[in-house]
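J.: Sequence isn't available, so here's the structure alone:
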């Protein structure tokens, strides 16, 4: 039996960061993970360069049943705090669009930094430890793996959600939460491509075409690129909107995000002999322009169209309504929405209110950020909050 101060389940972003913080307080901390190496999701993030935070992080850019829950942790460990840590290790980084920060080099630098932080605090990370049992008695938690039993007064659940199962992701956190009587908000894929039915087959034929759009779902709109795929729609705008979309709801796409519905009337005045698709090519890729014009039955010279009809066409392009029949599931989802209910947790410490010494952090909690580094920032912030008290 190994006696410790805190056991962290999960060697991902949140778990490693929590262990590092706890170690700085002199806590004997052990991180256990069933995978053969730490930080596997970190390594594939951002195309291998790790989009480690977003300088635009604000609580309003996170989804949760309790939309105020993340505010406390995010305010106490900010994006700038993590940038300062990155800088202290001499890791070069750059900002891409919309406040997204990436390593200039490799995501391996971030994993190495986190492992070093854990080691500096005297903590230990043990991989290839499949957890077979977790019990709680006499104020201590006992975790059993194929390599032995470990006990501590504090246990942190940081095993993430089931997104990207090929990386070993699972719903283990939810099973453990239910074991301790905690409510779990139904998990669902988030930041995930949407699939379309046969009625939208036109867009499958445009597979590989991308265009700047406004994508709207659940009352929230994102202006970024949409990508047509053989199964439906993807790209940053769609991934963002997917977190707000629910089955049976409409996904609205504005294919003319930088202009107005009457733009075709203006184009007609300038060149009445030009076709509708030709006029649209100044706003989107040629293949998409042609396909949309044909779908609307409007592939003819602008001069042959009444202003009223052009206005109607423009309005349709500004609010093209799709009825997705689903998503590409956890296999393609970047994160999981839902999870351990925030009603069960202290927003200040991430401790379970009715089970002293038990904590939940990171993706397994019902807090989901936007695309672009927000979910990493939640991992750092929630890990920091728990690491300060375990």
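T.: Sure, I can see it. Everything numeric here is computed off the predicted structure, so don't read it as measured data.

J.: Identify the bridge partners of the most centrally placed residue in the chain.
T.: By Cα atoms, centre = their mean, the chain has its centre lying nearest to residue 335, at 4.4 Å. Judged by DSSP bridges, the bridge partners of residue 335 are residue 190.

J.: give me the number of residues near residue 218?
T.: Number of residues near residue 218 (other Cβ atoms under 10 Å) recorded here: 15. From N, CA and C alone the C-beta is placed, and that goes for glycine too.

J.: Surely it and residue 249 touch.
T.: Yes. Contact between residue 218 and residue 249 holds when scored by Cβ atoms under 8 Å: they sit 7.1 Å apart.

J.: Once you drop chain neighbours, what's closest to residue 310?
T.: Of all residues beyond its chain neighbours, the one nearest residue 310 is residue 264 (4.1 Å), with distances taken as Cβ to Cβ, 6 or more residues apart in numbering.

J.: you'd agree that neighbour is in a helix?
T.: Yes. Assessed with DSSP: H, G, I helix; E, B strand; the rest coil, residue 264 lies in a helix.

J.: Run through the residues that contact it.
T.: 276, 279, 280, 302, 305, 310, 311, 313, 314 (Cβ atoms under 8 Å, 6 or more residues apart in numbering).

J.: what sits against residue 363?
T.: Contacts of residue 363 (Cβ under 8 Å, 6+ apart): 12, 14, 160, 161, 163, 335, 336, 339, 375, 378, 379.

J.: Which two of the contacts of residue 264 have the greatest separation?
T.: Using Cβ to Cβ, those span at most 14.6 Å, a distance reached by 280 and 311.

J.: Who has more neighbours out of those two?
T.: Higher neighbour count among residue 280 and residue 311: residue 280, with 27 against 16, using other Cβ under 10 Å.

J.: where's the more buried one relative to residue 238, distance?
T.: Separation of residue 280 from residue 238 (Cβ to Cβ, to the nearest Å) stands at 20 Å.

J.: mind listing what's buried in stretch 268-283?
T.: 268, 274, 275, 276, 277, 278, 279, 280, 281, 283 (16 or more other Cβ atoms under 10 Å).

J.: Just the residues you listed: which are in strands?
T.: Per DSSP state E, strands hold no members of those.

J.: which one of those residues sits closest to residue 344?
T.: Nearest to residue 344, judged by Cβ to Cβ, of the buried residues of stretch 268-283 is residue 283 at 48.2 Å.

J.: what sits against that closest one?
T.: Per Cβ under 8 Å, 6+ apart, neighbours of residue 283: 255, 256, 258, 259, 263, 289.

J.: Now the two most distant members of those.
T.: 258 and 289 (14.4 Å).

J.: Compare the two (neighbour count), which wins?
T.: Neighbour count, other Cβ under 10 Å: between residue 258 and residue 289, residue 289 has more, with 23 against 10.

J.: For the helix or strand of the chain with the lowest mean pLDDT, which helices and strands make contact with it?
T.: Ranked by mean pLDDT, DSSP states H and E, the weakest helix or strand in the chain is helix 201-204, scoring a mean of 75. Packing partners of helix 201-204 (3 or more Cβ pairs under 8 Å, 6 or more residues apart in numbering; DSSP states H and E): strand 232-234, helix 286-295.

J.: Listing partners with orientation, what would you give for the shortest one?
T.: Read that as strand 232-234. Applying DSSP bridges to the sheet, strand 232-234 is found paired with strand 194-195 (antiparallel), strand 220-228 (antiparallel).

J.: residues in contact with that strand?
T.: Contacts for strand 232-234 (Cβ under 8 Å, 6+ apart): 193-196, 200, 203-204, 226-227, 251, 322, 324, 328.

J.: chain center to it: distance?
T.: Centroid displacement of strand 232-234 relative to its chain, using Cα atoms, centre = their mean, to the nearest Å, is 17 Å.

J.: mean confidence score for that strand?
T.: Mean per-residue pLDDT for strand 232-234: 96.

J.: Following element in sequence after it, please.
T.: Note on strand 232-234: by DSSP states H and E, the next helix or strand toward the C-terminus is helix 236-242.

J.: tell me what the helix or strand just after that next one is packed against?
T.: Next helix or strand after helix 236-242 toward the C-terminus (DSSP H and E): strand 251-254. On a contact count with 3+ Cβ pairs under 8 Å, 6+ apart, strand 251-254 meets strand 210-217, strand 320-322.

J.: can you pull the buried residues of the first one?
T.: Of all the residues in strand 210-217, those buried under the rule 16+ other Cβ under 10 Å are 210, 211, 212, 213, 214, 215, 216, 217.

J.: and what of stretch 304-313?
T.: 305, 309, 310, 311, 312, 313.

J.: Dump those residues into CSV; add distance to residue 150, secondary structure and pLDDT as well.
T.: Shown next, in CSV, are those (distance: Cβ to Cβ, whole Å; DSSP: H, G, I helix; E, B strand; the rest coil; pLDDT from 0 to 100):
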residue, distance to residue 150, secondary structure, pLDDT
305, 73, coil, 93
309, 72, helix, 95
310, 70, helix, 96
311, 69, helix, 96
312, 67, helix, 96
313, 66, helix, 96
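
J.: With respect to residue 100, which of those residues is nearest?
T.: Among the buried residues of stretch 304-313, and counting by Cβ to Cβ, the member closest to residue 100 is residue 313, at 35.0 Å.

J.: gap between that closest one and residue 237?
T.: Counting by Cβ to Cβ, the gap from residue 313 to residue 237 is 22 Å.

J.: so what pLDDT did the nearest residue to residue 23 once chain neighbours are set aside get?
T.: Sequence neighbours aside, residue 121 is the residue nearest to residue 23 in space, at 1.8 Å (criterion: Cβ to Cβ, 6+ apart). Residue-level confidence at residue 121 comes out at 96, pLDDT.
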